[in-house]
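Colleague: 3D, please:
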Amino acid sequence: MTEASVNLELLSAYVPGEGREQLPLTELNEDEPHIHGELRWTLAGRQVPAMGFWGPDDVCLGEWWDGLNATLPELAAGESYTLDSCEQGSPAFLFERRGESVLLSIVAGMGGGNPNPDWQQVTFAWDDWVQEVRAFKRRLREWVETKGPRELPAEWKARFSELV
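Modeller: Have a look, this model is predicted:
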């Protein structure tokens, strides 16, 4: 088996509390439906930078679920897709499809983040991307369903109702 050119690893998941406090997933509720955590993304052995607002363990997993999920139909249709959190100082991630490859560029974000010249049109396999996005969604769903509250917030129920 050959090593995949892309890897999305879910390393942690928590409910953000006051300041930088990390609450257990059992604290997830309608009033606090946000899940943050560490999502390590590597391409050809290189770790993608700019993952997380307060550090690498602080990505908004709901935002990444929605953004990664949105790349699939857009790229399948031959369109490009930009994942931009619009957070102050954060760059955006531009996805483009060329045949059986996906190209990632870290570009200027709407919140003022700068492009990264070392991360322009980094290529990885389309089939690997589809597989990794689906695997990330399965892993996060499993974590939330096993470590989260009995009653999930509506936005997570909606996400989990999708076919994976």
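Colleague: May I see the buried residues of the lengthiest helix in the chain?
Modeller: The longest helix of the chain (DSSP state H) is helix 126-147. Along helix 126-147, these residues count as buried under the neighbour rule (16 or more other Cβ atoms under 10 Å): 126, 128-130, 132-137, 140-141, 143-144. Any C-beta I mention is one placed from the backbone N, CA and C, and that applies to glycine too.
Colleague: Adding distance to L43, write those residues out as TSV.
Modeller: Shown next, in TSV, are the buried residues of helix 126-147 (distance: Cβ to Cβ, whole Å):
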residue	distance to L43
W126	13
D128	10
W129	10
V130	15
E132	10
V133	14
R134	17
A135	15
F136	14
K137	19
L140	20
R141	24
W143	23
V144	26
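Colleague: quick one: which of those is nearest S5?
Modeller: Taking Cβ to Cβ as the measure, S5 sits nearest to D128 out of the buried residues of helix 126-147, at 5.3 Å.
Colleague: you'd agree that closest one is up against L8?
Modeller: No - using Cβ atoms under 8 Å, D128 is not in contact with L8, being 10.1 Å away.
Colleague: got any residues that touch both of these two?
Modeller: Residues touching both D128 and L8 (Cβ atoms under 8 Å, 6 or more residues apart in numbering): none.
Colleague: how about I35, what does it touch?
Modeller: When the contact criterion is Cβ under 8 Å, 6+ apart, the partners of I35 are A13, Y14, V15, L25, L28, C60, L61, G62, L140, V144, W156.
Colleague: A154 versus the fourth one, what's the distance?
Modeller: Read that as L25. For L25, the distance to A154 (Cβ to Cβ, to the nearest Å) stands at 16 Å.
Colleague: So which elements touch the longest helix of the chain?
Modeller: Under the contact criterion of 3 or more Cβ pairs under 8 Å, 6 or more residues apart in numbering; DSSP states H and E, helix 126-147 touches strand 6-16, helix 61-76, strand 101-107, helix 154-160.
Colleague: got JSON lines for the ones you listed, with distance to V48, mean neighbour count and mean pLDDT too?
Modeller: Shown next, in JSON lines, are the helices and strands packed on helix 126-147 (distance: least, Cβ to Cβ, whole Å; neighbours: other Cβ atoms under 10 Å; pLDDT from 0 to 100):
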{"stretch": "strand 6-16", "distance to V48": "9", "mean neighbour count": "19", "mean pLDDT": "95"}
{"stretch": "helix 61-76", "distance to V48": "12", "mean neighbour count": "18", "mean pLDDT": "96"}
{"stretch": "strand 101-107", "distance to V48": "7", "mean neighbour count": "19", "mean pLDDT": "96"}
{"stretch": "helix 154-160", "distance to V48": "22", "mean neighbour count": "14", "mean pLDDT": "95"}
